[in-house]
Structure formats: C-alpha cells, structure tokens
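Asker: model this:
(2 chains)
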Number of protein chains: 2
Amino acid sequence: MKIAVLGGDGYCGWATALHLSRQGHSVAIVDNFLRRQWDRDLGVETLTPIRTLADRIEAWKRHTGNPIEVFEGDVTDYGFLSSMFREFQPEALVHFAEQRSAPYSMIDRQHAIFTQSNNVLGTLNVLFAIKELQPECHLVKLGTMGEYGTPNIDIEEGYITIEHNGRKDVLPYPKQAGSFYHLSKVHDSHNMLFACRVWGLRATDLNQGVVYGTVTGETALDDALINRFDYDEVFGTVLNRFCVQAAVGFPLTVYGKGGQTRGYLDIRDTVRCVELACLNPAAKGECRVFNQFTEQFSVLELAHMVQAAGRKLSLKVDIQHLPDPRVEAEQHYYNARHSKLADLGLQPHLLSESLLDSLMNIAVRYRERIDESLFLPRVNWREPVNRRQPAKEEMVLTGGVLEP
Amino acid sequence: MKIAVLGGDGYCGWATALHLSRQGHSVAIVDNFLRRQWDRDLGVETLTPIRTLADRIEAWKRHTGNPIEVFEGDVTDYGFLSSMFREFQPEALVHFAEQRSAPYSMIDRQHAIFTQSNNVLGTLNVLFAIKELQPECHLVKLGTMGEYGTPNIDIEEGYITIEHNGRKDVLPYPKQAGSFYHLSKVHDSHNMLFACRVWGLRATDLNQGVVYGTVTGETALDDALINRFDYDEVFGTVLNRFCVQAAVGFPLTVYGKGGQTRGYLDIRDTVRCVELACLNPAAKGECRVFNQFTEQFSVLELAHMVQAAGRKLSLKVDIQHLPDPRVEAEQHYYNARHSKLADLGLQPHLLSESLLDSLMNIAVRYRERIDESLFLPRVNWREPVNRRQPAKEEMVLTGGVLEP
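Answerer: The predicted model follows:
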C-alpha cells in the first residue's frame, strides 16, 4: 500500500514510517522540520541524539533495502500538498503533522493562535486534497484522548447513544478539551466528520493516549535510526520525563494531587495501531473513531511505578507534588473504552513489562545529556500571556511541595 | 453600559448597535467593512440601498443626539483589537464579526479556509483581549442553531444531562454542524467554554436561528439608517429571499422536499435578545448558551406562508422544488428548546403578524432593485472546489423541478 506519513520526522511519525516500511508498504515522509525548530526556539534537545532525516533514511535503506521517499514542505501550503498527492498518489495518509504539545499551545496568545491555525487549517487542506485528488485515499488522523476531557460518565469511542425525553440517537461524544492544543484536535474531528458525511471520504480518527517509550523493533536496528525522547516540560510526555528525572536523582514532578488519570500506550503499540487502521480502512463516508491506548493510570500511580523500577536499578527516587500549572481535575472518575483496535488484532505491550527495558535504561544510557533545568513547569494555564516566571523562582514562590 | 459591537456595520450588528444606543448604552462599532467587500466580490447588492457607516452614524446622531464611536479594523489583528480595548474599555462585547454565510464557506477551499481562520482566530483574539485587558467584560457571542444539526432527540440550550451506564453528567450538547461556516461556530463554542473555565471569563453564546426582516424601531427613523436586506443565494436567508422572489413573480426556490426545519426569529427580536443578554451578564467562569429563536418552521411551511401573504397583495406566487445543493436531511425530527431568553423577558414578534409588514412590503417597495440572477443556488456542498456551474445551466442540467 502507498502510505504517506505527514509529520514522519517526529516522535510517533518516525517510528510509524519505519514500521510501515518494514511491513512492505511503500512509504513517503512529508515533513517541514518544524518540530526540530521548536526545540531550537525553546532551547531544548531530545535526550537521544537524533540524526538528520537524510541520514536516517539512508541508514534505513542500508539496513533493509527499503527506500523512503521524502517530501519537504508544509501541509498548510496547499500547492505543496497537492503536488505531493499528484506525485505519490497515496492510498492511505497518516496525519501526524500537527503541533502536539498542550503546554506549547498555552505559552501565550501567539502559540495558541499558531497551534489552532496550523492544525485546523492544515487538516482542512488535507481533507480538500483527498477529495480533489485522491478521493479513495483513507485518512488516518491522529486525534487525542484529551478531546474528551474527564467526564463523569464512561468515555466511548467517538460516538455515544443518547436517550433523551423518550427518543434516541447516536451522536458525537461531547468534547471538553483541556488546552488550545487539545481543542485544535476537537475542531479537526468535527471538520473530518463533516467531510466524510458530505463528500464520502473515508477516515479513521485515532484518539491516542499518552505515548511512552522510544525504542521500536525498527529504530533499534541502528543508532542512526534512534527516535526522539522528549523530557522537557513542553514536549516531554509525563512518563518519559519521570524516567529521566529518576535517572539523575531529581524528584518526580507530580502536578497537584496526581489523581489525573489518562490512557497510556507504548510507542510500539502506536505504530501497530496505525498499521491496523491502514490495513482495515474505513468505509466510504465513514468517520470512525478508535480510542488508541492500552492501559489507564493516574499520574501518581506512574510515579510509584517509576520509583519501584528505579529501586531495582539502585536509584533513589523521590516524588514531589508541585502546584498543578494546568487547570484540570486532580481527582476524577475515568473509564474509557478501547476495544476497537484490540478487535482488529492489537496485542498490547504492557507498561509493567516494558518500563525497565525501553524507558529507564534509555534514560540511564543518555544520563549525561540530561538538562535538569527543563524539568519544571514554566507554562501556566491561568497566566499564559507573557507572564512566565523562571522555573526555579516559581517553585520557591509557590511553595514547592504540596501534599496529596 | 459601555458596549462594543464587533461587526456593527453588518445586518444584525447594525440593528443591534442602534437598539443598544437608543436604550442609553454607550456604543462603539468595530468593523473592517469586509461584509461590503464580499458583496462587491460576489457581484451582489443588498435590496435596500445602505449608506456608508459615516453617513449612518451621522443620521443617528441627528435623530437621537446619541454618538456612536467607530473603530475601523479587523479583530484578527490583535494590535488593533487591543488598542480598541484600551481606548473604549468595553463592559460588554457583542461579537458579530464573523463570516456568517454557509454557502460562502462552501464555495471552495479558499473560502472554507478563510471562514474558519477568520472566525476561529478572531474569536481567539477576542478571548485573549478580554482576559488580558478587561477581564470583567462580558462576551456576548453570536453562535448559531446550526451548530446542533438535526439530531433525532430534543435540542437543549448548550448542555445536556446524559445518563450512561448508571452514571450521570451534564456535558456540552453534541454538535453536528452542516457547513464549514457552522463548524467555525462549533470551534468557537469549544474555545469559549475553555476560556471561561480556565480564566474565569464570563460569556453568553447566543445560538441564533435564521433571522428575517429588516426594519427595527431604530432603522425606521430615517432612510439613511436603513438596514441591509440580502436575498442572494449566498448571503440571503431563506425567508427574505422568498419575499423578494414573490415580489417579482419568481417561483420560491425550495431546496429538495422542503422539510428542513429550523428556528427563526424577527430581527427585532435579535436586537432585544442581545440587549437582554447584556443586561443579565453571565457569572464569572460561566459560559452559558441561549438558543435564540422564537418559532420553528419547515422551509415548505415558510413558502406556503409567503404564498398566502402574496395573495393578499395580489401577487401570484409559485413554489419550485430544486435539487438540494446542500447535504442535509430533507425530512427530520426537530424540537429545540428556547426558554432562557423568554425567561429573561423576551416578548417575541411572531412571523404570522410581521410577514406582510416588515417583509413583503420592503420587497415590493424596492422591487426595481431586484436581480433575479442571484436567486438560484450556485454553491454546491458536494462539489465545492471550483466546479461551479452558472446557475441557469445548472437548473437545466439537474432537471429543475423535484416534487416533494
């Protein structure tokens, strides 16, 4: 199958592109390298030293013989996007090409505007390009579990049957996103549903949980294929950050009480989920939603798991409760369905088994590259507009430690 | 109260600005005159000859002694918007400054992108400006009943109590918008709800039905104050268009079966609803939703009412069913609540009483200005991308008349 991976130089995108290539698909990576630019802008670096895309692709070809085509450009540029469609003619399009950090979107007005403009207008371009140039192409779009927020009822996969005043309908699951980033994905979901209904496009919206890990079967082949591993407060997902903190003896930074519960998955499951979606395309006119995660944890549960894993490596790991820089429930009901990808054949990698392999060991291996000044939250949901304090001062100002 | 009316030179905005000024509020109009530019771009003109904003404001001052301040600029320009906030310091901000036509948003990709970018990013700017510069300012934002679509259950005012698997929560009402324009309002609603929750802003989202009429107590004072009356297929709302068609003996153009049922209201109720929202502001942190319409009709019911009204004026009025250029249910359940504005004191003007006064008579009075070539739908939901046919040819191509 000819599969274009938009955002294929990023964290999930790179791992996915390699996995699909190894499965025998003809893969093209479409990327504008903005993700690397954001690191430079924020003065941060991935823990793992990643290579240029050209070096990565060359190493991949050397090891597997599989070429990966590269289209360098921006999906918000329709001229570029449509020329890629004409040249590559994708049968499936995996769309990771969005700004994907909640804190980044909350830095200030400009970052909020950029995030929604980049993500929403980019996805609109993708929808129009499919309709105009490749109407049978299956769109596999990365959404986020964060679109749902934390409702007091079970979270379903995209749609919910509602009985109301004696009548019944199946309607889009109500959305309560928690950042301008998460909201951009809510907007995308509504636009996609409309495009499928009106134009008969086929789409799969993968509402992904928090991804952890960095090693996949493919990236392990060569150091030049290594994937990024972000641990900074802006782009680092929580479990990756905890492992890095544990590796250098920095207390794990739990925001608030730590009862915030979310769905999580190993990056090895991310790549498999995308493959399963591609292999089992949505029907014409269908906009189906899969909740893409394998286990639910609270932040505090994760902290305790990392603490235990650290102990086995003789690391002393403390847990520190910081005031929550986000506006979110710190204790809440959370129960989200995630059976559709399992029904398609997903065999999950569970955290209990992979924590020491693919996480702590990476963190320990690259310990010298860790910059502790990147751990503490500087972006605050309540005061996003150019009133950020240096992280260390803020810790002192806010008292530092809160008991759960 | 100091009230800024964004989009105050437009159809609903102008009538609202005058009404609020007459009620003794200190009013500023904020507008970039894009609405007038779109008419020039599309080669259409309002039925009623409207004056420049400067002439309008001068006439208003002459008749009432009330000044209205004008800020010319674009809300997507944050520098402009924030300088308006600093100078005028609004206590309430009525936000009409969006591209508000569904067909316009469906013309092609560029118009879809423009609509979502203009509306969503403009409203993001408004939210940031309130938070930063005037955090107590009450945002009164025009949404649309079209955000809900046509679900098979009763439509509530913004939120719905859902019982699911033995648990219960009050959640945002699920959205199923029917055009890129309607979707832009869905995106706005989600962004507003978030801003209220996280920053403690106060907002009222007025999900307005289809507005008809042009005369209000204030615009009737002088010909120079006359409001716009759009009847073209892009910006003309259905009832206004039917009256103009009836005035020149053109068959009323009903799309499809005509069972499409929506909420409607007289523009005299629009201005009163906005006033009621301003007088009874939302609480801090509250994003409340009012469904702003007074009666429900199907398109075919409206056509029959116009037919009957025409008969009284000795006009022969035919009804023609055209293939529906939109993708929508032509027959469906529809029952939407609209009690919150009534609870605040709204006394509706019902269509049965105002049809002949404020609608047919205006259409007849300006009969010579009517351009019949603007009646027929050229924008098609299924083929929005630069494949538009001239309207007349399209009628022939599609066979013209469909029976209900």
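
Asker: Near A:L313, how many other residues are there?
Answerer: A:L313 has 14 neighbours, counted by other C-beta atoms under 10 Å in any protein chain shown. (Glycine included, C-beta is placed from N, CA and C.)

Asker: do you know how far A:P103 is from B:L252?
Answerer: Using C-beta to C-beta, to the nearest Å, A:P103 is found at 54 Å from B:L252.

Asker: With neighbour numbers in mind, choose between those two.
Answerer: The residue with more neighbours, out of A:P103 and B:L252, is B:L252; 26 against 23, by other C-beta under 10 Å.

Asker: can I assume that one is in contact with B:Q307?
Answerer: Yes. Counting by C-beta atoms under 8 Å, B:Q307 is a contact partner of B:L252 at 7.2 Å.

Asker: residues shared between the contacts of those two?
Answerer: Residues touching both B:L252 and B:Q307 (C-beta atoms under 8 Å, 6 or more residues apart in numbering or on different chains): B:A246, B:V317, B:I319.

Asker: Just the ones of those residues in helices?
Answerer: Among these, the ones falling in helices (DSSP state H) are B:A246.

Asker: and the shared contacts of B:L252 and B:Q307 as JSON lines, adding pLDDT and neighbour count?
Answerer: Formatted as JSON lines, the shared contacts of B:L252 and B:Q307 follow (pLDDT from 0 to 100; neighbours: other C-beta atoms under 10 Å in any protein chain shown):
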{"residue": "B:A246", "pLDDT": "95", "neighbour count": "26"}
{"residue": "B:V317", "pLDDT": "96", "neighbour count": "22"}
{"residue": "B:I319", "pLDDT": "97", "neighbour count": "19"}
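
Asker: Let's verify A:L93: helix, strand, or coil?
Answerer: strand (DSSP: H, G, I helix; E, B strand; the rest coil).

Asker: Report the secondary structure element holding the closest residue to chain B within the stretch 301-404 of chain A.
Answerer: Proximity of the stretch 301-404 of chain A to chain B (C-beta to the nearest C-beta) peaks at A:V327, 4.4 Å away. A:V327 is located outside every helix and strand, with elements delineated by DSSP states H and E.

Asker: hang on, it packs against B:V198?
Answerer: Yes. Judged on C-beta under 8 Å, A:V327 makes contact with B:V198 at a distance of 4.4 Å.

Asker: what's the overlap in contacts for the two?
Answerer: Common neighbours of A:V327 and B:V198, using C-beta under 8 Å, 6+ apart, are A:W381, A:R382.

Asker: Those two: which is more packed in?
Answerer: Neighbour totals were compared for A:V327 and B:V198, and B:V198 leads with 20 against 16 (other C-beta under 10 Å).

Asker: Give the full set of residues in contact with the more buried one.
Answerer: Contacts for B:V198 (C-beta under 8 Å, 6+ apart) come out as A:V327, A:W381, A:R382.

Asker: Could you look up the SS state of it?
Answerer: Once three-state DSSP is applied, B:V198 turns out helix.

Asker: Ok, A:G143 next?
Answerer: A:G143 falls in the strand class when you classify it by three-state DSSP.

Asker: That one - how many residues pack around it?
Answerer: Using other C-beta under 10 Å, A:G143 has 25 neighbouring residues.

Asker: For it, list the residues it contacts.
Answerer: Contacts for A:G143 were tallied using C-beta under 8 Å, 6+ apart; they are A:K185, A:D188, A:S189, A:D205, A:L206, A:N207, A:Q208, A:V289.

Asker: Now do the residue of chain A most remote from its centre, the pLDDT please.
Answerer: No residue in chain A sits farther from the centre than A:G166, which is 39.6 Å out by C-alpha atoms, centre = their mean. On pLDDT, A:G166 comes in at 97.

Asker: now it: how far from chain B?
Answerer: 9 Å (C-beta to the nearest C-beta, to the nearest Å).

Asker: Also A:V274?
Answerer: In terms of C-beta to the nearest C-beta, A:V274 sits 26 Å off from chain B.
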